[in-house]
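**Q** Could you look at this predicted model? Sequence included:
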Amino acid sequence: MNVNEMNSVSSKKGTEKKKDTRSNWLAFIFVSKCRYKVFRKQSSINACKKGFLELEKHGFEFSAFGFAGTHVHFAVNVPEKYSVRTAKGMLKSWSAKNVFKEKPNFRKLYPRGCFWSGYEHHQGFGADEAKALAYIENQAQYHNIQTVPDETAI
């Protein structure tokens, strides 16, 4: 192997982008400020979910969402470059911004712009991923919540 061949091989290795192969799936619970029942209308749920999904362009992956009147459960794969604390801040701020943008009357409930309470909980799935996802997806039934379809949710 001559010097030119060695340089071409090493330069190819340096330009290849490493793919994140680890799995950092976490289950989060975010509670609305003052535990207001803001997730009873489908349009409110859609606005919040859309805010979360905007983070997919930054490498976040979402699996399941469960809205239960005052809070949301969801599963997310956090990219390696973000700490859990940073990811939590991004998730809360992006979703809140989208909710206030699509539901301007929420400013009456939250005049200071704080949509989420300080409470949050996160945990890894462990070995029983199917059970965790089923729990997340069945939040409305678990809390006996009836979602109201409204004209803006269509």
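**A** Thanks, I have it. Residues are numbered from 1 along each chain as shown.
**Q** What does the most centrally placed residue in the chain show for phi and psi?
**A** For the chain, Phe52 is the residue whose C-alpha lies nearest the centre (Cα atoms, centre = their mean; 4.4 Å). The phi and psi values for Phe52, taken as degrees, to the nearest 10, are phi -60, psi -50.
**Q** Could you look up the SS state of Pro111?
**A** Secondary structure state of Pro111, per DSSP: H, G, I helix; E, B strand; the rest coil, is coil.
**Q** Would you quantify the distance from it to Asn77?
**A** Computed as Cβ to Cβ, to the nearest Å, the Pro111 to Asn77 distance reads 35 Å. Where you see a C-beta, it was placed from the backbone N, CA and C, and this is true even at glycine.
**Q** So the two - more neighbours on which side?
**A** Asn77 (17 against 8; other Cβ atoms under 10 Å).
**Q** Show me what stretch 95-105 is in contact with.
**A** The set of residues that contact stretch 95-105 without belonging to it, under Cβ atoms under 8 Å, 6 or more residues apart in numbering, is 30, 38, 43-44, 46-48, 50-52, 54, 106-107, 110, 113-116.
**Q** let's go with 6 Å and repeat that
**A** By Cβ atoms under 6 Å, 6 or more residues apart in numbering, the surrounding residues in contact with stretch 95-105 are 44, 47-48, 50-52, 106, 115.
**Q** And the furthest pair within those?
**A** The largest distance within those, taken as Cβ to Cβ, falls between Phe52 and Phe106 and amounts to 16.3 Å.
**Q** Show me which helix or strand of this protein is least confident by mean pLDDT.
**A** Lowest by mean pLDDT, DSSP states H and E among the helices and strands of the chain is helix 3-15, with a mean of 50.
**Q** Having no further points to raise, I will conclude here.
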